[in-house]
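In: give the three-dimensional model of this entry:
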Amino acid sequence: LKANYPVEFMAGVLSNEINNTEKISIFVAECQRMGIKILAPDVNRSFQKFVPEIQEDGGKAIRFGLAAIKNVGAAAMEVAIQERERNGEFKSLEDFASRLDSKSVNRKILENLIKAGAFDFTMERRDDMFSKVGQVIAGSSAAQKDRASGQTALFDMNELMSAAPVPDVIEEDRVVWNQREYLTHEKDLLGFYVTGHPLDEFRSVIEKGNYSMIGDLARMKPGKKTQRFAGLINEANVKYTKREGKPFAILLIEDFSGSTEVMVWNETYQKCNPLLVKGGVIELKAKVEQDNRSEENRLTADEVIALEPDPDAVQMSVTPQRHDANSTGYSQPPNPAAAAAVQSTNGNGSNGSNGHHESPPFATPVLLKLDSVRDAVSVITMIRDTAQQFPGDRPLHLEVRRANGQRVVLEAGNDFCVSDEFASLESLGSWA
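Out: The predicted model follows:
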C-alpha cells in the first residue's frame, strides 16, 4: 500500500496519530523524505483528519487535519466543518467567529488557529489577527445576541453582506511577532515548521560546512573522537554540580534533521556561557556519548562558537502572501504603492470590463448609513437592487447602527461594486 498509494497511506498514518504532536512531526519528516508535500491547515480546506488533496499540477499532497492542531479539539472543528459545508467557505476571521457559537469555538481555539496559520487565506498578518481576537469575539457575541432577540433584519441578507465587521485593534492588546515567533508557534501547535525554518538564513552555511547531522546521531558510534554539528538552541538550562557547585549547561539543539540533548560541562561552559541562550545558533565540536538513563546517544560539547548567517539569505516575510488554493507556496503580495501607481496611470481607472467586477484595491468606497431598529429589510432590498442597476468599481460599504448603539461596517462584496452615479442618487440621500 505504501509503495502503490504513498499519499493515501501516509495520510492514514498521520490520522492515526492525530492527538500525538510528537509522532506527527516524525511522520511529517518521513513524508518530506518521500517527497510528499504537507499543506498547511486551513479552515476552508482542512477536514478533521489528514486527507489527500489534488494540486493544480495534478499531483497529490496531504492537507493538515484541523483536529491535529494542538489545543483546538475535534468537537469544535467538527462544528466548524459542518458550518462550512452548510453555508460555504469562511470569508474572514470575523466571519468565522460570527457563524460559530462562542461556546463551541472559544478565544483559545481562535488564537491557536491563528498561530497555526489556519486563517492565512485572509492575507492578514497573524499577529494582527491575534491582537484583535477580543474585539472579534465581542462583535460576534453582540451579533448572536441580536439574532436571538429578533434584531436580524439587516443581518439576514447574506448575498449582500459578504463580510462581518472588522474591528479596530485596542492598542494595549496589540502584539507584534518576529519571524522566529511565527515559526515557534507553528512548531508548538503542529509539531513541525510550515512556512520556513528558524535556520533558513543559516542553511547555505550549514550545507557548505560539512557538519554532521543530528538526525544521524542514533546511528553513530559513541567514542572520544569529536564531530562538528551546527544548530539552534531551543532550550538552555544551567545546573550546578552537587559536590563543588560548579555550573554546567544542558542544551536542546535542533538542525534541519532533528534535535538532541547536549551536555556542556563546566570546563567548556566557562569558555562559552554567553553563547548558551535560547534562540542562539551555534557550531559545536562534540563527542557522541550514550546516556546511561535512556541508552540513547547524546552529545557532549568540547567547544562552542557562534555561527554567523549567510549575508545573502532571504528573510521570510511575516506578512501572509497570496497563494493559490492548492498550494502551500505563497507569492509576494502586491506592493500597495506600486499598485496605486499603476492605477493612477491607467487613464480612466477602468479595467476594461463591463458590469460588476472586482474593485481596484484603492477605489474609494461608497458608504451608506443604516439603523437596525429604524430600517426594515425592504431598505436593504432597495439598496441591493439599485446597486445592481449602477455597477462600477467602487466598493459598497454599509455602516449599521445596532440596537445596543454599536456601529459596525459591512462590506457588500465584489458583486455589488457601484459607480459614481450610484453615489450621487437623491433616492439614497437619507442613508448617505
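
In: what sits closest to residue 202 if chain neighbours are left out?
Out: Distances taken as CB to CB, 6 or more residues apart in numbering put residue 309 closest to residue 202, at 5.1 Å, once the chain neighbours are dropped. All C-beta atoms are positioned from the backbone trio N, CA, C, and that covers glycine.

In: ok, now residue 87?
Out: Nearest to residue 87 is residue 99, by CB to CB, 6+ apart, at 6.8 Å.

In: wait, what's in contact with residue 65?
Out: Contacts for residue 65 (CB atoms under 8 Å, 6 or more residues apart in numbering) come out as 14, 15, 18, 41, 46, 47, 48, 49, 50, 51.

In: tell me the pLDDT of it.
Out: Residue 65 carries a pLDDT value of 96.

In: relative to residue 12, how far out is it?
Out: 11 Å (CB to CB, to the nearest Å).

In: next structured bit after the helix or strand bottoming out on mean pLDDT in the chain?
Out: Averaged element by element with mean pLDDT, DSSP states H and E, the chain has its least confident helix or strand at helix 336-344 (a mean of 30). In the C-terminal direction, the helix or strand that comes right after helix 336-344 (DSSP states H and E) is strand 366-371.

In: list the buried ones in that following strand?
Out: 366, 368, 370 (16 or more other CB atoms under 10 Å).

In: between the residues you listed, which is nearest residue 193?
Out: residue 366 (43.7 Å; CB to CB).

In: how about the closest one, nearest residue that isn't a chain neighbour?
Out: residue 423 (4.6 Å).

In: burial of the one you found, as a residue count?
Out: 18 (other CB atoms under 10 Å).

In: tell me the contacts of residue 184?
Out: Residue 184 neighbours (CB under 8 Å, 6+ apart): residue 198.

In: give me phi/psi at it?
Out: Phi and psi for residue 184, reported as degrees, to the nearest 10, are phi -60, psi -40.

In: these two touch, right, residue 263 and residue 239?
Out: No: at 10.1 Å, residue 263 does not count as touching residue 239 under the criterion of CB atoms under 8 Å.

In: where do the contact lists of those two overlap?
Out: 248, 249, 250.

In: of those, buried ones?
Out: Buried, going by 16+ other CB under 10 Å: 248, 249, out of the shared contacts of residue 263 and residue 239.

In: which helices and strands does the longest strand anywhere in the chain pack with?
Out: Looking across the chain with DSSP state E, the single longest strand is strand 226-240. Applying 3 or more CB pairs under 8 Å, 6 or more residues apart in numbering; DSSP states H and E, one finds that strand 226-240 contacts strand 247-254, strand 281-290, strand 297-306.

In: of these, which is nearest residue 178?
Out: strand 281-290 (14.8 Å).

In: the closest one: partners in the sheet, and parallel or antiparallel?
Out: Strand 281-290 sits in its sheet next to strand 226-240 (antiparallel), strand 297-306 (antiparallel), going by DSSP bridges.

In: now render those as CSV, adding mean pLDDT and mean neighbour count.
Out: What follows is those, written out as CSV (pLDDT from 0 to 100; neighbours: other CB atoms under 10 Å):
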stretch, mean pLDDT, mean neighbour count
strand 226-240, 96, 17
strand 297-306, 96, 18
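
In: reformat those as a markdown table; add distance to residue 86.
Out: Listed next are these as a markdown table, based on distance: least, CB to CB, whole Å:
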| stretch | distance to residue 86 |
| --- | --- |
| strand 226-240 | 42 |
| strand 297-306 | 52 |
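
In: burial of residue 381, as a residue count?
Out: 12.

In: and what of residue 56?
Out: 9.

In: ok, it to residue 231 distance?
Out: 36 Å.

In: in the stretch 251-400 of the chain, where is pLDDT below threshold?
Out: Within the stretch 251-400 of the chain, the ranges that satisfy pLDDT under 70 run 313-362, 372-373, 376-377.

In: what distance separates stretch 246-266 from the centre of its chain?
Out: The chain centre lies 30 Å from the centre of stretch 246-266; the measure is CA atoms, centre = their mean, to the nearest Å.

In: what are the buried residues along it?
Out: 248-249, 251-256, 258-264.

In: distance between the ends of it?
Out: End-to-end distance of stretch 246-266: 6 Å, with CA to CA, to the nearest Å as the criterion.

In: contacting residues for the residue nearest the centre of the chain?
Out: The centroid of the chain falls nearest to residue 117 when counting by CA atoms, centre = their mean (1.6 Å). Counting by CB under 8 Å, 6+ apart, residue 117 touches 40, 41, 42, 126, 186, 194, 195.

In: please consider this matter closed, and thank you.
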